[in-house]
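> with the input below, show me the fold.
(chains A and B)
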Amino acid sequence: MPRQLEGSRAVAEAVALCRPEVICAYPISPQTHIVENLSQLVKTGELSPCEFVSVESEFAAMSASIGASATGVRAYTATASQGLLYMTEALYNASGLGLPIVMTLANRAIGAPINIWNDHSDSMSQRDSGWIQLYAETNQEALDLHIQAFRLAEELSTPVMVCMDGFILTHAVERVEMPTQVQVDAFLPAFQPRQVLDPDEPITIGAMVGPEAFMEVKYLAHAKQMQALESIPLIAAEFEGAFGRDSGGLVRAYRTEDAETIVVALGSVLGTLKDTVDELRDEGVSVGVLGIASFRPFPLDAVRDALAGAQRVVVLEKALAVGIGGIVSMDVHAALAGIHRTGGTQPHAYTVIAGLGGRPITKASLHALLIDAAAERLQELTFLDLDHELVDREVARMSAARASGPHAENMLRDLGAVAAGPV
Amino acid sequence: MFEVRIHGRGGQGVVTAAEMLSLAAFDEGRYAQAFPSFGSERMGAPVVAFCRIDDHEIRTREPVMEPDALIVQDPTLLHQVDVFGGCRPEGFILINSARSFDELGLSDFVVEFRHERLLTVPASELAREHTGRAVANTALLGGFAALTGTVSLDTVVRAIHERFAGAVAEGNVAAARAAHAWVLDEMRELSGATPA
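As a prediction, the model looks like this:
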């Protein structure tokens, strides 16, 4: 039976259905409602047996999750933004040790300037941390992906991050189908760890590894993610069979078959893009959308196959690699390069940076952008809806005076924001 | 698709209002998407919340920029924030105030609008009378149901019961019913006063 739920509540209930035995978390916007809901479910006994550990930081949250997972229990945590950065060192330990922790990332920008709103800077910064990264388009998919994530993590002994757009999804109230406990129990067997810390049979986990085997351990981590390229579609297919919903997988194509222009994106913006594509198709513009559901591992073959027939590709990114531009774009370029090697014609790929720090990505802006793309009017790197005048004024101030002051405060003053005046 | 935008301040239950409206629409078998546009999440700061209602899945995630209906929960925002941004002459506007559009200094702005779709309702007063607190969100939902017919009073009442319990729910239901009746009366008066 469908229910009308806040995304955070839906994810918390789905995680509870997966029966985690230890949850260690530190609250941070926009993840807070997820762990609040889980702490309530533990407190009321609805999620039992489970220990909810309130820790003093995200570094502790991931460290305690590592400890819990190493003792052979199913461990879960959630964070966002600066919280993810604060647990970075432990993230690499979780993946390096092969511990199947599942974590929700409520995607949020990274400061400075401090900003609580959505973009993908946080998860993209941990692209190479060895965690699998799955991106949800809707709250339904977010809750479905968590159930799949535990299955995937434990099958491969590798941690999985489920990324959902902060506020846009976590705080959106919409219709979801919540599976039953019986269904989830049938889909997700009890955790059978590959390694267990047990005082009765003491072993060491986390040995120092020198040049003699370090590369081999790292290679295995990569091999596991390559294996995930096969496991992810299989798990999604099995999930569809069991729950009746097509969620997850590697990539998700919408009206791409004959499309001259294909937009590539991740997360909740795919919904707005689909509506825009429908509008443009009605106007006779040949466009489609490719959603990347699994960013790590990156599905090179699936992306190449989906984009091979296009004349041009527009990679819409909610993060910025300062000094080069796109992040997802680089991987898409790698996929497209393969087309050339097989004798096909390689479509040209453009990068569009959009929605940083919660800037709304509107249908109107996407519509205009894709019309420009179809007419070959796009720059290689475009910043969607950038306020050039605001930038120019600050650049002028910097040219006029050495002591021009802080950018953020100067720009807020230009915009007339209340709190930005001299104190 | 019917799109609603609600303006208020942190602590007034604006986000909860959008959520309850989505619950009411969901209860009527429709698809609904409610979401907030948070500022710094503090008491008194301007807050905007949105609700979309449709007969099929809602995919777009952009903020509501051209609302079919606007609810202004805090009239002190009227001349501080661009609450009317994107409003069209055929849209509904419901303002929480005991004063008229004229008295609020809005008559020039709404000259092109359909006047039977513009109403003020003393929702804070009705809320204070029925709940003891001047939190006008549920009263405004009752008024909204009467003004637009997008959702029924019954489903608004059920949504209030889903969100609140006991005396708090009962008080809010009474406030919503009172505002609903108040708006219906006002609309009857308006239609009587309008030449056919």
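> count of residues packed around B:Thr76?
12 (other Cβ atoms under 10 Å in any protein chain shown). To be clear about C-beta, it is placed using only N, CA and C from the backbone, and glycine gets the same treatment.
> correction: A:Val315
A:Val315: 25 neighbours (other Cβ under 10 Å).
> the host helix or strand of it pairs with which strands?
Using DSSP states H and E, A:Val315 falls within strand A:312-317. In the sheet, strand A:312-317 lines up against strand A:261-265 (parallel), strand A:348-353 (parallel) (DSSP bridges).
> single out the most deeply packed of those strands.
Mean neighbour count (mean count of other Cβ atoms under 10 Å in any protein chain shown) peaks for strand A:261-265 among the strands paired with strand A:312-317, with a mean of 27.
> C-terminal to it, what's the next element?
Next along from strand A:261-265, by DSSP H and E: helix A:269-282.
> who are the packing partners of that following helix?
strand A:251-254, strand A:261-265, strand A:287-292, helix A:363-374 (3 or more Cβ pairs under 8 Å, 6 or more residues apart in numbering or on different chains; DSSP states H and E).
> and with 10 Å instead?
Counting contacts by 3 or more Cβ pairs under 10 Å, 6 or more residues apart in numbering or on different chains; DSSP states H and E, helix A:269-282 packs against strand A:251-254, strand A:261-265, strand A:287-292, strand A:312-317, helix A:363-374.
> where's the shortest one relative to the chain centroid, distance-wise?
In this case it means strand A:251-254. 16 Å (Cα atoms, centre = their mean, to the nearest Å).
> buried stuff in that strand?
For strand A:251-254, a neighbour-count test (16 or more other Cβ atoms under 10 Å in any protein chain shown) marks A:251-254 as buried.
> could you give the mean pLDDT of it?
Average pLDDT, strand A:251-254: 98.
> so where's chain B uncertain?
Within chain B, the stretches with pLDDT under 70 are B:38-41, B:193-196.
> any idea of the mean pLDDT in the strand holding A:Val315?
Per-residue scores along strand A:312-317 average to 98.
> report the angle between the following helix or strand past it and strand A:312-317.
Later in the chain than strand A:312-317, the nearest helix or strand by DSSP H and E is helix A:328-341. Helix A:328-341 runs at 160 degrees relative to strand A:312-317, counting by axes from the mean of the first three to the mean of the last three Cα atoms, to 10 degrees.
> okay, the angle between helix A:328-341 and strand A:287-292?
110 degrees.
> before we move on, back to that, dump the strand holding A:Val315 to CSV, keeping only the CA atoms.
Written as CSV, here are the backbone C-alpha positions of strand A:312-317 (Å, rounded to 0.1, in the frame of the first residue of the first chain):
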residue,chain,number,x,y,z
ARG,A,312,26.5,15.4,-28.7
VAL,A,313,26.4,14.7,-25.0
VAL,A,314,25.8,17.3,-22.3
VAL,A,315,27.1,16.3,-18.8
LEU,A,316,25.2,18.2,-16.2
GLU,A,317,27.2,18.2,-13.0
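> which members of the buried residues of strand A:251-254 additionally contact chain B?
A:Tyr254 (Cβ under 10 Å from any Cβ of the partner chain).
> of all the buried residues of strand A:251-254, which comes closest to B:Arg99?
Proximity of the buried residues of strand A:251-254 to B:Arg99 (Cβ to Cβ) peaks at A:Tyr254, which lies at 49.0 Å.
> residues contacting A:Arg359?
If a contact means Cβ atoms under 10 Å, 6 or more residues apart in numbering or on different chains, then A:Arg359 has A:109, A:117-119, A:318, A:365, A:383-387 as its contacts.
> pull out the buried residues from these.
For these, buried by 16+ other Cβ under 10 Å: A:109, A:117-119, A:318, A:365, A:383-385.
> out of the strands paired with strand A:312-317, which is closest to A:Glu58?
Per Cβ to Cβ, nearest to A:Glu58 of the strands paired with strand A:312-317: strand A:348-353, 26.6 Å.
> what mean pLDDT does the closest one get?
Averaged over strand A:348-353, pLDDT sits at 97.
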